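Undergrad: From the sequence below, what's the structure:
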Amino acid sequence: MRIIKLKCELDQANYDQTIREVAVESEDENNWYGKPVANPDCLTLQWPKFAWKEVDETTSAIPEQ
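TA: Residues are numbered from 1 along each chain as shown. Below you'll find the predicted structure:
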């Protein structure tokens, strides 16, 4: 099981910009399926790829231009 960091796709201030760590159980073309690392008792959630982007906190969450 891999751990990824996800952030809301929209970078607008009125959207929650918290980076979520997710333990991915499976993945398909449109979604990641997994549990938030911060709450392992949570049910497996669907994380749509159109709404979330994978980020790397060690570099930058800002997309390259």
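Undergrad: Now name the helix or strand holding the closest residue in space to residue 20 that isn't next to it in sequence.
TA: Of all residues not flanking residue 20 in the chain, residue 6 sits nearest, at 4.9 Å (CB to CB, 6 or more residues apart in numbering). Where C-beta positions appear, they are placed from N, C-alpha and C, glycine not excepted. For residue 6, the host element (DSSP states H and E) is strand 2-8.
Undergrad: next one: that strand to chain centre, how far?
TA: Mean-position distance between strand 2-8 and its chain equals 3 Å (CA atoms, centre = their mean, to the nearest Å).
Undergrad: In terms of secondary structure, what does the next helix or strand after it contact?
TA: Once the chain leaves strand 2-8, the next helix or strand it forms, by DSSP H and E, is strand 20-27. Strand 20-27 is packed against strand 2-8, strand 31-36, with contacts defined by 3 or more CB pairs under 8 Å, 6 or more residues apart in numbering; DSSP states H and E.
Undergrad: Can you tell me which of those is packed in deepest?
TA: Of these, the one with the most neighbours on average (mean count of other CB atoms under 10 Å) is strand 31-36, at a mean of 18.
Undergrad: my read: residue 36 touches residue 42, true?
TA: Yes. Between residue 36 and residue 42 there is a contact at 5.6 Å, judged by CB atoms under 8 Å.
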